[in-house]
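Engineer: give me a 3D structure for the following:
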Amino acid sequence: MWRPYKLLNTILMDATLQKLFFASMRVEGTMEKELQLPKRHLCFTFFADDVKSLRAVVNPDVSNYYVWNVLIFRIRNIGIMAHIDAGKTTTTERMLYYSGYTRALGDVDDGDTVTDYMAQERERGITIQSAAVTFDWKEHRINLIDTPGHVDFTLEVERALRVLDGAVAVFDASAGVEAQTLTVWRQADKHKIPCVCFLNKMDKPGASLRYSLESIKTKLKANPVLLQIPIGSGKSFIGLVDLITKQRMTWQGKSWAEDGRLFESRALEPTDDPELLEEVSQARGGLIEQVADLDDEFAELLLGEYGDSFDAVPAGKLQEALRRVTLARKGVPVLCGSSLKNKGVQPLLDAITAYLPAPNERNHDLVRWYKDDLCALAFKVVHDKQRGPLVFLRIYSGTIKPQSAIYNINRNGTERMSRLLLPFADQHVEIPSLSAGNIALTVGLKQTVTGDTIVSSKASAAAAARRAQKGAEEKTGSARSGREGSSLVLAGVEVPEPVFFCSIEPPTMSKQADLEHALNCLQREDPSLKVRTDPDSGQTILCGMGELHIEILHDRIKREYNIETHLGPLQVAYRETILQSVTTTDTLDRTLGEKRHIVTVELTVSPWLESAAGTSWNIAYEEEVEAQISAEVREAVDNGVQSAYLQGPLLGYPVQGVSTVISSLRVEPGTSMAMVSACVSRCMLKGLQQANGLVLEPVMSLEVTVGEEYLSSVLGDLAQRRGSVHDIQSRFENKMLLATVPLAEMMGYSTVLRTLTSGNATFSLELASYEPMNPQAQTSLLNKMAGLS
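Structural biologist: Numbering: from 1, shown residues only. Okay, the predicted model is just below:
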């Protein structure tokens with residue numbers, strides 16, 4: 001016997017879907033007219049005994065679903081991004097549970113979540129690596145990436161957002177916009193990604209809808225569009241009202257229903273709380289006016305057909321307009337809930353499918369030239385002990401199949417992919433093919449690294465390049481050189497420069513080769529990790545994004561590669577610059593074998609203020625020199641200058657903020673280009689040594705949230721760390737302190753702050769800029785590096 005309470009919430013609420021549903025149902029002895037749908041109904045996210053496998057995504061039941069695994073407009077590639085501890089992983093865990101792909105609710109504190117599968121993540125209760133999962137929700141496929149919130153792992157967010165079409169920004173409703181929220185929002189802005197905001201932790205005592213909305217406006221410079229009103233606040237938060245449909249959704253009850261699968265949804269009634277009705281009426285009116293201001297088509301509809309009563313506008317029309325507003329990035333839908341308390345996640349999933357874009361709604365300029373041929377971007381590599389390197393690909397066009405050869409444009413080589421998998425955190429399902437718009441996991445690509453462009457063949461790349469060149473010629477009306485079109489490479493991933501480094505040594509020399517292999521694998525996984533060899537001591541140097549980053553890498557080498565390494569003390573990655581202009585001349589006259597090599601160069605080094613825009617140095621030539629030298633000689637000179645920039649004269653740190661002008665260059669016939677580079681580099685070093693060098697230190701933006709009773713202790717400690725306080729803001733009962741502090745002074749700050757505040761403070765750090773050291777601090781650093789202090 002069919003039971004009406006097993007209908008999904010969507011079908012119960014939408015008249016069109018009801019008709020489609022009844023047309024597809026052939027229940028013996030039951031007709032549509034006999035099914036009386038109640039105004040008040042219980043909504044099941046899925047049935048109690050139905051737990052799906054990942055294969056249900058790959059091979060959906062055609063009798064119950066459209067064949068949506070090949071329909072690109074039903075795919076959503078999204079990321080979950082936020083400040084640390086805002087609830088990203090908990091929200092992801094609820095999504096998997098309510099969509100029917102996990103049997104139990106995982107908990108970050110218990111270390112049993114799906115996406116935090118690394119031992120280090122489960123021990124610390126934080127996300128370190130971005131994890132991809134694939135699941136379905138109401139006939140849509142959602143490819144979701146859960147990203148870290150810690151600043152040390154910002155590259156994970158960057159490379160995830162590079163390949164995603166939409167994002168969910170999760171906020172702690174009691175804190176609003178926090179430091180790392182700003183960072184990930186800027187990253188999403190850079191990639192022009194439409195976003196949906198989710199105000200999480202509405203059950204916390206300090207949760208404030210008004211404060212969170214205001215912080216989104218002022219700090220993110222975004223235009224929040226509120227779609228829901230919470231019912232209750234703090235511990236009394238029980239549900240929400242959807243302003244579009246005017247449905248009241250509440251999560252109450254005991255026993256198994258507390259997991260949030262079962263909730264009550266009904267239309268607002270006149271007998272409801274008058275204050276709530278008034279608040280909803282005002283908020284919905286404001287929502288309609290706001291959307292009308294942002295969408296001209298909706299404004300015309302409103303004034304034409306619904307001029308007498310704006311409130312009569314259908315929910316469907318409002319949703320369509322809101323989708324256009326979101327895709328155009330004119331506004332950001334805002335929803336609320338509490339993931340930990342299992343409230344509000346199902347409406348968030350509905351909003352993801354309703355408002356965030358499908359892959360074919362995103363504009364990728366280069367991809368169109370490949371037409372139906374394969375074009376994909378490798379955005380992540382992980383190493384599996386059994387399978388070897390696993391490469392994550394975002395497929396932009398064409399179809400990818402296992403046991404096929406692919407061409408890597410960046411490496412200019414062909415590789416064979418042995419297996420094709422669908423990612424689900426650390427558990428994957430083998431599949432026969434995957435089409436455009438999806439995220440795939442491949443086995444067998446030995447040379448591919450993050451940022452590489454993958455196509456079906458070299459001929460395919462050449463054909464796309466010809467089409468692109470032809471299109472450019474038609475657009476400009478003139479023939480262009482084929483240089484630009486010859487490499488239709490997708491934009492890769494920007495890797496931030498490391499700010500910390502330390503030496504790493506194996507326990508014995510017999511383990512040196514194993515350590516090098518481990519570091520090579522980790523570098524391929526994590527491009528923000530840099531490994532170099534110190535030219536003086538021969539030590540291996542690890543360069544990373546922070547204390548936690550290097551600590552995690554050290555732990556992974558021990559656990560995954562079984563090597564007990566020793567780390568030297570953490571050191572700060574300084575930079576060097578100069579204060580004055582100097583002109584120098586140098587001549588190299590050397591005989592090697594029967595050849596005599598003679599080079600004479602004159603150049604000027606001077607401070608370059610334009611480096612503040614992000615460029616670290618500049619090379620220029622006098623007009624006479626530029627006219628005389630060949631391309632080969634110019635390349636040799638550039639190499640010499642750049643090699644000199646790598647090691648400054650004071651401490652051997654990279655040089656930035658310097659401009660070099662080549663005034664004169666004389667190269668005798670028969671002189672090798674290596675000698676030209678050597679002479680220029682030696683002349684550069686001489687000039688830098690005479691130009692009054694200055695050390696630049698990394699300065700961090702610091703945000704501390706602390707109770708007022710501990711504020712004076714924190715301020716006193718910052719003063720001793722050469723910190724500069726810019727602002728102190730109030731956040732409910734706490735104070736939020738904004739400051740800049742040299743990174744060198746922040747070693748072990750988390751322990752000190754915990755001691756000063758009895759564990760009642762949180763802080764976040766982010767690299768702000770490189771600033772000149774004061775003379776006293778520079779002298780102290782030089783003495784320390786020279787072993788004099």
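Engineer: helices along the stretch 501-650 of the chain, start to end?
Structural biologist: 512-525, 547-561, 623-628, 631-646 (DSSP state H, counting those that start in this stretch).
Engineer: among the ones you listed, which is nearest Thr250?
Structural biologist: helix 547-561 (40.3 Å; CB to CB). In this view, the C-beta of every residue, glycine as well, is placed from N, C-alpha and C.
Engineer: now the closest one: average pLDDT?
Structural biologist: On average, the pLDDT along helix 547-561 is 92.
Engineer: equivalent analysis for stretch 718-738, please.
Structural biologist: Mean predicted confidence for stretch 718-738 is 89.
Engineer: check the offset of that stretch from the chain's centre.
Structural biologist: 27 Å (CA atoms, centre = their mean, to the nearest Å).
Engineer: do the same with stretch 143-157
Structural biologist: The answer for stretch 143-157 is 5 Å, by CA atoms, centre = their mean.
Engineer: for stretch 354-367, same thing?
Structural biologist: Worked out by CA atoms, centre = their mean, stretch 354-367 lies 18 Å from the chain centre.
Engineer: buried residues in that stretch?
Structural biologist: Within stretch 354-367, the residues scored as buried using 16 or more other CB atoms under 10 Å are 354-359, 362, 364, 366-367.
Engineer: okay, how far is it across that stretch, tip to tip?
Structural biologist: 25 Å (CA to CA, to the nearest Å).
Engineer: measure how buried Val163 is and give me the count.
Structural biologist: 25 (other CB atoms under 10 Å).
Engineer: correct me, but it touches Ser130?
Structural biologist: No. Applying CB atoms under 8 Å, one finds Val163 not in contact with Ser130, separated by 10.6 Å.
Engineer: so where is the stretch 101-250 of the chain shaky, pLDDT-wise?
Structural biologist: For the stretch 101-250 of the chain, applying pLDDT under 70 flags no range at all.
Engineer: show me where it has its helices.
Structural biologist: 119-124, 154-163, 179-190, 209-220.
Engineer: just name the most buried of those helices.
Structural biologist: helix 154-163 (a mean of 24; mean count of other CB atoms under 10 Å).
Engineer: so what touches that one?
Structural biologist: By CB atoms under 8 Å, 6 or more residues apart in numbering, the surrounding residues in contact with helix 154-163 are 77, 79, 81, 128-130, 145, 147-148, 167, 180, 183-184, 187-188, 191, 193, 377, 379-380, 394, 439, 450, 491-496, 526-528, 545.
Engineer: if you set the cut-off to 6 Å instead, what comes out?
Structural biologist: Residues outside helix 154-163 that contact it (CB atoms under 6 Å, 6 or more residues apart in numbering) are 79, 81, 130, 145, 147-148, 184, 187-188, 191, 377, 379, 394, 493, 528.
Engineer: most surrounded residue in these?
Structural biologist: Met81 (30 neighbours).
Engineer: tell me, how many neighbours does Glu305 end up with?
Structural biologist: 12.
Engineer: helix or strand for Arg467, which one?
Structural biologist: Assigned by DSSP states H and E, Arg467 belongs to helix 458-476.
Engineer: on that earlier part again, and of the contacts of helix 154-163, the nearest to Val641?
Structural biologist: Among these, and counting by CB to CB, the member closest to Val641 is Ser528, at 26.6 Å.
Engineer: which ones are touching the closest one?
Structural biologist: Applying CB under 6 Å, 6+ apart, the residues contacting Ser528 are 155, 495, 545.
Engineer: lovely, talk soon.
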